[in-house]
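Engineer: Make a model of this:
(chains A, B, C and D)
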Amino acid sequence: MSQSHRIDGGQIDRSKTLSFFFNDQRLDGYAGDTLASALVANGVKLVGRSFKYHRPRGIFSAGSEEPNALVQLRRGTFQEPNTRATVAELFDGLYATSQNHRGPLKHDLLAINDFFSPFMSAGFYYKTFMWPKAFWEKIYEPIIRSSAGLGRLSGKADPDIYDKGFLHCDVLIIGAGPAGLAAALRAARSGARVILADEDFQPGGRLNTETYSVDDTAGADWASTAIAELSSMDNVRLLTRTTVYGAYDHGVYGALESRTDHLRDSGGKPRQILWRICSRRAILCAGSTERSIAFGNNDRPGIMMAGSVRAYANRWAATPGKRVAVFTNNDDGWRTATDLAAHGVAISAVIDTRDKQPLAAPSGAMIAMGSTVTDTKGRHGIRSITLANGQTIDCDCLAVSGGWNPNVHLTCHQRGRPQWRDDLAAFVPGGDLPTGMSVVGAANGALTLSAALKQGHDEAGSVAAGLGFKKTKSALPKAEDEAAEVAAFWHVGQSNARAWIDQQNDVTVKDVKLSHQEGYRSVEHLKRYTTLGMATDQGKTANMLGLAVMAECTGRSIPETGTTIFRPPYSPVPIGALAGRARGKDFRPTRLSPSHEWAENQGATFVETGQWLRAQWFPKPGETNWRQSVDREALQVRSAVGICDVTTLGKIDVQGRDAAEFLNKVYANGFAKLAVGKTRYGLMLREDGIAADDGTTARLSETRFVMTTTTANAVAIFRHLEFCRQCLWPGLDVHLISATEQWAQYAVAGPKSRDLLRKIVDADIDISNEAFPFMACGEITVCGGTPARLFRISFSGELAYEIAVPTRYGDAMIKALMKAGEEFDAIAYGTEALGVLRIEKGHAAGNELCGQTTACDLGMGRMVSKKKDTIGSTLSERVDLNREDGLTLVGFAPVNRDDDLKAGAHFVTKGNAATTQNDEGWMTSVAYSPSLGHSIGLGFIKRGHERMGEIVQAADLLRGMNTDVEIVSPHFFDPEGERLRV
Amino acid sequence: MSDATLKARSPLDGYRQQFGTLEIVELNGLALVSVATPLDGEEELKKAMTTAHKAELPAVGSSTQSSVDDTRFLGLQPGQMFAMFAHDGDRAVEFVAKKLGETGYYTDQSDSWVILQLSGADVRTALERICAIDLQDSAFPVGAVTRTVMEHLGTIIMRTGHDTFVLLSARSSAKSFLHAVLTSVNNIQ
Amino acid sequence: MRYSGFKVLWEGLTGNRGWKPVWREPEPKESYDIVIVGGGGHGLATAYYLAKQFGMTNIAVVEKGWIGSGNVGRNTTIIRSNYMLPGNEPFYEFSMKLWENLEQDFNYNAMVSQRGIINLFHSDPQRDAFARRGNAMRMAGADAVLLDRAGIEKHCPFLDFDNARFPIKGGLWQPRGGTVRHDAVAWGYARGADARGVDIIQNCEVTGFVMENGECKGVETSRGTIRAGKTAVCVAGSSGRVMEKAGMRLPIESHVLQAFVSEGLKPVIPGVITFGAGHFYVSQSDKGGLVFGGDIDGYNTYAQRGNLPVVEDVCEGGMAIMPMIGRARLLRMWGGVVDMSMDGSPFIDKTHIDGLYFNGGWCYGGFKATPASGYCYAHLLARDEPHPTATELRLDRFLTGNIIDEKGVGAQPNLH
Amino acid sequence: MIINHPLLGPRDASEFVYLGDASLIDRPDWQHENSQQEFHNYLYLRDNPAGEHRELWFHEQGDRSWLVVTRNTLTHEISKVELARDVAKERGRDK
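Structural biologist: Sure thing, here's the model as predicted:
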């Protein structure tokens, strides 16, 4: 059957035949077709199965509101579930399969559900499947889960790429139908920056699907002329295939532009682009959506929206049937009869619920006024309908129109609530629109062409004027006002058969009535209990019907019954598009230190520290596991000298006449009296008295300090300091700027560090212990005049320095240091050895400064000065932060020296069970100390300082360990700290 | 005393590439020095700038150009600007101090940034994929400068010509930043 | 009326005519022993346990809108008890145990589904923190398993193990964690409470408190004055708004948490998965939708909607660990207003005003706490002393310094 | 959201970092006889209004200014944006 239902006319390109596959059947269509129109043209009726009862489903509409015709598009990793055939552009080689059936589409095994439907009424699952208890996860749920869901993901990474962007405009016009085009022309001619977005690949909206004329030319032609003019103006950005899916605060709109979905292959370009549009004003011209009528078996393939039926005929030259019947409650439905007849399609009947004079109808059509359709026949496609009077009429397509709902969705995305209009029997936009938004055309209830054109034209004029753009001549497009009377009619009472409201989720009139009967009467309860409107179409064709039936049950009017809120997105948006480029390695940026390339060449292993990559250790030939490398590096630092890149530490330049006073306020310990040329360890508290961060700060001059922060907290601390500077003490002369990126900084640690540095620093600089003692700092020159900074500070407990040079020399500096160190057996060490050395010395780091511990807990209580106003000092004195049985940071050594300690173990007094009540603290950091020859740990335990020598259990239920550990001083190595002063 | 002298490296080792009409160049040999205005010291700083550079103190969000030398002043935040000028050494602060004396607090930023210059007719089309700032003439004229964020990276953007923009981003993430820019260029071509 | 498979069959055969309303629609009486302000999950659970466990039935639940319209009706349905601190963990484990018997208890299938929850870690310090947490859970009688990378691969082979910016190094797994059909929780509790005589009064907004010489004697409502022996406020999300009527300032800010659901898909995700290096967590509902979320928007708001940056941030997190979801479409996004407390932990306590009780500050985690919150609040109201698992959830803890800060970020609500 | 920066004009809120109620500017006197209670109220208690709210935003990806933004927490409408430094001075914090 090759395009058996193709007819004359239309806006397709018959010169371009495209072949495609539906369920492996090869079919032909034309350029300009959607998958749906091509299926219609080929007489394909059955395209899918419903969610719950697996009823046969056919194409229902011709737009993004489609509830039924969902297919899986493309193959393999490109497989895309739940794609609406009605918006999928046809391309050559398109491959689609139907969804949600077991076995072939025609003979779906799960169609059995339909026979059990009496037992599967709304919410039945809340009332059963409870016994026996264990069966839920094991039996009931797996069965439910496997039969639920619609399409399938490939389970493999999405192979397409996505991009994002930002657009700015004076006027955003949403929808390029008659109202949108009229508005765009007027706004653009006034000189405003205009963005015109439309979800269709062919702008024009219903001008393309109707037979009206504008300015005495065919509507579709007028539309293309308007588009041509707009495209030629450089103050206009025309976005086709672009859905504005959400309205956000302050005129920001989210839009999804499809770039390659209509192509066989993306050619390595982004599939879709997610635009964030900043607009000063927005005009919503989203049109309206036709709704159905509920009657017996109204869900059969071939039963479609009347407007869609003629859309297929007029725009795509494809007729859904050869013998079409129309069932309507409004004038618009009749146009389907006349339009199809004009294409030579037989019209078997027009049934109108209204008892009035019939409108002009094709000859041969049976006319029934004040009548209804009560039932239909035809398993995989409609064959006949039965009227209220029992009369049966044959047809292979039933075009239904229950009236039109303005597309108010975006007006509700913030606070807007639609208002009811009786004359339209529909909701129109209410007050409280998103700031800057106005609504025109069918979306605003102007359901006739000339009214839509006029509203668009007028509103654009006043918007442009309001934005201060010049008034320019711009004529109002002329058109006729077609008949559009409607009389509310929701569902056919006489029908005994099930009457569908939500076609995808299988919600029937009975379900809504049951929901009411059981007390789920608020609209939100109705929606949640029956799943009405929760399907992929968000109830675009269903919600009104459900609301109307509920109103009938409660005996209240529809507006009294309420309206369901429309939430973003207007139509579903791929998660990939919302993520854009941020995936894989590009999820977040990578920061590299200046010695990175050198370290790579040394074969270093790297570790993520926030966004930084840091060398973790430097394996040497023959070393088979990381511990060998780390032990060697740590020992070498203690015995000779090691070099470690500490560039990642945050560095903040603090300058000003009041810099010292400022530091005195933000550090818990004193800084006012720090001498020039000296460095001091500083502890920062949060205002709540908990330790926030630590580091060393050096005084380079009376008015200049260089502060270091931990790598992890650099950004947050800078923000906090700016808060102190701008909001708390704006009267101080102090200035901050980050210098983290400016300096490459290396720790040179070990007994031989001074000897090594002597070969680096310039001759005139005396770094002898006398001239440059522990905690000294200075601005010096190295390697023949290169400016540098030298700090005599030590994290390892050895004689140690940190030397900094401008980053441009970072790569050269690490090489120079290593070369100069050769004769001293210098080695490079990574973050692991750094950790071992600091744990051996009992220095707190991230695991100890975890945001839950006080200075007292850390054993630095005495540092907190009570004699000055310091961030955090007051609240650090609260009783529960100074309890007798408070935590203390101490060291732990395994009683059995061969035991490995584990961070995260909890401490329990010997003999006690490992329970919350007996919990006395936890192990924060552990390491194997190559110097001591056993595993060591730091941790917090209650009254730790009073319990030196006590043996407690380190309970690690997770890893099935319960280790006896001795409480010892955290200073495992060189407790007197003699080595760093030599 | 070391025999080795230290060789400087630029963040991207001097990247330069042409993509159709669009050119991307890493700018080197530029010094960047932040100048902070002492509390209540704005008038003196203004005077010093006029005498030494014949330049205005830039407002936040814009830049001024010395009429006697090549120094451009970038108004980045209240009480702080960047002085940008050709200089290939590591003594940038001394140059500024020589001219402005003690009227400001100086911090060398020359090594803190990677500097990319994008030029060509498509430059705005490429940038709209990563830059939330409205770059059209009325909103961001030639001379405008501001700090913003692109692909999670803090970025200073300055418009130096009708179709020319200079972007500064943190040196440590220079490769990620270049990647972000190149991706935009690829995606629009 | 008792629900059962047999009942469903019988009704099916007889045209489903016999189903009765799940709750009455009573007019408010003049006075009650206890008036619970807020017909959300916690309020309804409180009423249910007061009636069932403590034999108090002269109780009203007053709800401004429709019951379950608060966060119980707009969350991501996750239940877990993977907390760390002694002030929290026993409480949440108590809640988990109540979940495990809930459906049989109130004869309503809330689809409690213990398919497990995994929190991924991506660095050694993160692993250490999770080990500390997991051990705390085990010590409180909860279940916890520390998985290495291979263990994660076994559960979730579809995660990005090869190309991730922040490599997956393992995870903390709580097999008993899972999801629950959130609306059904409110309906089940309401049905159970109503059956025991509790008056559930919808569309009844509290406009003020009845104060008599410093004591709270009930509430003024849009449907008249309702006197009460004890007034129990339970309106998380609106706590600030409501308690302000009693002149109280709280250690709480109202923020919006967004949540997202995709179109229905055939099963692809086993349990709940949480990304440790970005803001993303996901599960799959029985209907097939991917239910996911991330961080709060981060600014004070009472509007039940968020903005785009967080939407994108969440989806970036999703694609970073699960690139297979790129072609799944986001169907609906919504926002719930949450009480963000100053240390990220809740309050179940008497206020300084006699007769006035407060339950709130649940941050973005109130749903999982519903049963225990109701039970412990009922205990406090009935006995005037805190339930043993809720002794630290006090309003004055910031004055004494007994902070319950799981995240360790301090007095900044939007960081918790 | 869009924040109309007093120096830079409209900027996307994603450039900013939010802190909270602008009353955090009014840090109590550490020598107040009841300083612990004072600091407790300052740091922990909030008006948390449903309506107009004055709040602190930091332009981290911008000019590094702390701003005081007056925003309605029901509608998100922003009615005023000031430099926090100026507000702090008005409240005498530079004395």
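
Engineer: Go ahead and name everything in contact with stretch A:673-682.
Structural biologist: Contacting residues not belonging to stretch A:673-682 are listed as A:660, A:663, A:667-669, A:671, A:694-702, A:707, A:775-778, A:791-793 [Cβ atoms under 8 Å, 6 or more residues apart in numbering or on different chains]. Where you see a C-beta, it was placed from the backbone N, CA and C, and this is true even at glycine.

Engineer: Of those residues, grab the buried ones for ChimeraX.
Structural biologist: With 16 or more other Cβ atoms under 10 Å in any protein chain shown as the criterion, this ChimeraX line picks the buried residues out of the contacts of stretch A:673-682:
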select /A:660,663,667,668,669,671,694,695,696,697,698,699,700,707,775,776,777,778,791,792,793
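
Engineer: List, out of the contacts of stretch A:673-682, those positioned next to chain D.
Structural biologist: Here nothing survives when the contacts of stretch A:673-682 are matched to chain D using Cβ under 8 Å from any Cβ of the partner chain.

Engineer: shouldn't residue C:218 be in contact with residue C:226?
Structural biologist: Yes: under the criterion of Cβ atoms under 8 Å, residue C:218 lies in contact with residue C:226, with a separation of 5.4 Å.

Engineer: Next, show the common contact partners of these two.
Structural biologist: With contacts taken as Cβ under 8 Å, 6+ apart, residue C:218 and residue C:226 have C:31, C:35 as neighbours in common.

Engineer: re the thing from before, which ones among the contacts of stretch A:673-682 are found in strands?
Structural biologist: Secondary structure from DSSP state E places A:694, A:695, A:696, A:697, A:698, A:699, A:700, A:701, A:707, A:777, A:778, A:791 of the contacts of stretch A:673-682 in strands.

Engineer: where does the closest residue to chain A within chain D land on pLDDT?
Structural biologist: Among residues of chain D, the one nearest chain A by Cβ to the nearest Cβ turns out to be residue D:94. It sits 3.1 Å away. Reading off the per-residue confidence, residue D:94 sits at a pLDDT of 91.

Engineer: that's a strand at it, yeah?
Structural biologist: No: secondary structure of residue D:94, determined by DSSP: H, G, I helix; E, B strand; the rest coil: coil, with no strand assignment.

Engineer: Apart from its chain neighbours, what residue comes closest to it?
Structural biologist: Setting aside the residues directly before and after it, residue D:94 is nearest to residue A:731 in space (Cβ to Cβ, 6 or more residues apart in numbering or on different chains), at 3.1 Å.

Engineer: quick one: contacts for residue A:310?
Structural biologist: For residue A:310, the residues meeting the contact criterion (Cβ under 8 Å, 6+ apart) are A:209, A:210, A:335, A:336, A:339, A:340, A:399.

Engineer: Remind me which helix or strand residue A:15 belongs to.
Structural biologist: Per DSSP states H and E: residue A:15 is located in strand A:13-22.

Engineer: Check residue B:64 too.
Structural biologist: For residue B:64, the enclosing helix or strand under DSSP H and E is strand B:63-65.

Engineer: Run through who's touching the next helix or strand after that strand.
Structural biologist: Following strand B:63-65 in sequence order, the next helix or strand is strand B:72-77 (DSSP H and E). Applying Cβ under 8 Å, 6+ apart, the external contacts of strand B:72-77 come out as B:35, B:49, B:53, B:55-66, B:81-85, B:145-147, B:156, B:158, D:63-65.

Engineer: what helices or strands is whichever helix or strand comes after strand B:72-77 leaning on?
Structural biologist: Along the chain past strand B:72-77, the next helix or strand (assigned with DSSP H and E) turns out to be strand B:80-86. For strand B:80-86, the elements it packs on are strand B:30-36, strand B:72-77, helix B:92-100, judged by 3 or more Cβ pairs under 8 Å, 6 or more residues apart in numbering or on different chains; DSSP states H and E.

Engineer: wait, isn't residue A:801 in contact with residue A:792?
Structural biologist: Yes: contact criterion Cβ under 8 Å: residue A:801 and residue A:792 qualify, at 5.4 Å.

Engineer: And residue D:4, its phi and psi?
Structural biologist: Dihedral angles phi and psi of residue D:4 (degrees, to the nearest 10) take the values phi -80, psi 90.

Engineer: Give me the neighbour count for the residue nearest to residue D:94.
Structural biologist: Here the count is done by other Cβ atoms under 10 Å in any protein chain shown, and residue A:731 has 14 residues near it.

Engineer: isn't there a strand covering it?
Structural biologist: No: counting by three-state DSSP, one finds residue A:731 to be coil, located in no strand.

Engineer: for it, what are its contacts?
Structural biologist: Contact criterion Cβ under 8 Å, 6+ apart gives B:39, D:89, D:93, D:94, D:95 as the residues in contact with residue A:731.

Engineer: Now with 10 Å, please.
Structural biologist: For residue A:731, the residues meeting the contact criterion (Cβ atoms under 10 Å, 6 or more residues apart in numbering or on different chains) are A:658, B:39, D:88, D:89, D:92, D:93, D:94, D:95.

Engineer: repeat for residue A:594
Structural biologist: Contacts of residue A:594 were listed using Cβ under 10 Å, 6+ apart, and they are A:645, A:647, A:741, A:743-746, A:805-814, B:9, B:11, B:111, B:171-172.

Engineer: ok, the helix or strand where residue B:168 lies near chain A or not?
Structural biologist: Using DSSP H and E, residue B:168 falls within strand B:164-170. Yes: figure legend: strand B:164-170 in contact with chain A (Cβ under 10 Å from any Cβ of the partner chain); contacting residues B:169, B:170.

Engineer: Name the next helix or strand following that strand along the chain.
Structural biologist: Scanning forward in sequence from strand B:164-170, with DSSP H and E defining helices and strands, the next element found is helix B:174-188.

Engineer: CA atoms only for that next one, dumped as PDB, please.
Structural biologist: As requested, C-alpha coordinates have been extracted for helix B:174-188 and formatted as PDB (Å, rounded to 0.1, in the frame of the first residue of the first chain):
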ATOM      1  CA  ALA B 174      43.500  27.700  30.600                       C
ATOM      2  CA  LYS B 175      43.100  24.400  28.700                       C
ATOM      3  CA  SER B 176      39.500  24.000  29.800                       C
ATOM      4  CA  PHE B 177      38.800  27.600  28.900                       C
ATOM      5  CA  LEU B 178      40.300  27.200  25.400                       C
ATOM      6  CA  HIS B 179      38.300  24.000  25.000                       C
ATOM      7  CA  ALA B 180      35.100  25.800  25.800                       C
ATOM      8  CA  VAL B 181      35.900  28.500  23.300                       C
ATOM      9  CA  LEU B 182      36.900  26.100  20.600                       C
ATOM     10  CA  THR B 183      33.700  24.000  21.200                       C
ATOM     11  CA  SER B 184      31.600  27.100  20.600                       C
ATOM     12  CA  VAL B 185      33.500  27.800  17.400                       C
ATOM     13  CA  ASN B 186      33.100  24.300  16.100                       C
ATOM     14  CA  ASN B 187      29.400  24.200  17.000                       C
ATOM     15  CA  ILE B 188      28.500  27.300  15.000                       C
END
